[in-house]
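>>> What follows is a protein structure lacking sequence information:
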């Protein structure tokens, strides 16, 4: 054995710490496994339920197009397995969407024991506002944005093009329409999470509401530039998109004011 080899001994206190940490780690892993099983069970249940009522979901998602003048009134599919594959795809997407509140709730339950009381309240508030903001974004897209967008695109249908006797009509594939609709609604739900970044920035001490309000004029200009880029090439649509972006900005400032007042009340109570 080499003469310079070092030996380390474990003290009784270190043994005690290791013996207490191992059960705690095992309990955390066990609780995490339980939360994951709950979420997976909810995903399976919501996906199967969505598949069972898939025709009702298809009818619901096609409602923004059915009310637009000029639509043919039917969908088509061009591959033999497209209709069945679409049902599976839509069921899984709806299952994920419906399971999201359960995932957020179990995430909060898992993290709550390791947080202070005020941290637990703030995290719960963020998760609740996140769910509500996503719901507002989806409802806005379903009732306002999608009907306007489909009406704009169907306006390009025409009869007797240039007097040549050619007609241009939409025969939409069911898979293309539903995938686009679901993607837009999910994108709006995610986009409406942006205001939550403002109170998070306040909690981290990065941005007070007064500083953000001073930059309102720059955001207004940016909103109209973005609206001109992402909206259809007509003035009403651009004004609607710009108004939405400014509403998100003002709503973020409103959330910051709520967070600051809430923090002051907690400080006074402490």
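Sure, I can see it. Predicted, not measured: the structure shown is a model, and the values here were computed from it. Numbering: from 1, shown residues only.
>>> Tell me how the protein divides into domains.
22-155+167-192, 195-270 (automatic domain parsing).
>>> Least reliable of these by average pLDDT, please.
Among the domains of the chain, domain 195-270 has the lowest mean pLDDT, at a mean of 70.
>>> coming back round to it: with mean neighbour count added, can I get the domains of the chain in TSV?
Glycine gets a C-beta too; all of them are placed from N, C-alpha and C. Shown next, in TSV, are the domains of the chain (neighbours: other CB atoms under 10 Å):
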stretch	mean neighbour count
domain 22-155+167-192	15
domain 195-270	15
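>>> could you pull out the helices for the protein?
12-52, 54-61, 63-66, 82-111, 117-140, 146-154, 174-191, 197-203, 209-214, 216-230, 235-269 (DSSP state H).
>>> Give me the helices and strands touching the longest one, please.
Packed against helix 12-52, as judged by 3 or more CB pairs under 8 Å, 6 or more residues apart in numbering; DSSP states H and E, are the following elements: helix 82-111.
>>> if you set the cut-off to 10 Å instead, what comes out?
Contacts defined by 3 or more CB pairs under 10 Å, 6 or more residues apart in numbering; DSSP states H and E place helix 12-52 against helix 54-61, helix 82-111.
>>> Determine the angle, from 0 to 180 degrees, between the longest one and helix 54-61.
Computed by axes from the mean of the first three to the mean of the last three CA atoms, to 10 degrees, the angle separating helix 82-111 from helix 54-61 equals 90 degrees.
>>> Distance to residue 243 added to the helices and strands packed on helix 12-52, as CSV?
Putting those into CSV (distance: least, CB to CB, whole Å) gives the following:
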stretch, distance to residue 243
helix 54-61, 25
helix 82-111, 26
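>>> centroid residue for this structure?
Residue closest to the average C-alpha location in the chain (CA atoms, centre = their mean): residue 190, at 3.2 Å.
>>> Now tabulate the helices of the chain in CSV and tack on distance to residue 74.
Formatted as CSV, these follow (distance: least, CB to CB, whole Å):
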stretch, distance to residue 74
helix 12-52, 22
helix 54-61, 12
helix 63-66, 10
helix 82-111, 13
helix 117-140, 26
helix 146-154, 14
helix 174-191, 9
helix 197-203, 43
helix 209-214, 49
helix 216-230, 30
helix 235-269, 27
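>>> what's the closest of these to residue 166?
Residue 166 sits nearest to helix 146-154 of all the helices of the chain, at 17.4 Å, using CB to CB.
>>> so how far is the closest one from its chain's centroid?
Distance of helix 146-154 from the chain centroid (CA atoms, centre = their mean, to the nearest Å) equals 23 Å.
>>> Right, I'll call it a day here.
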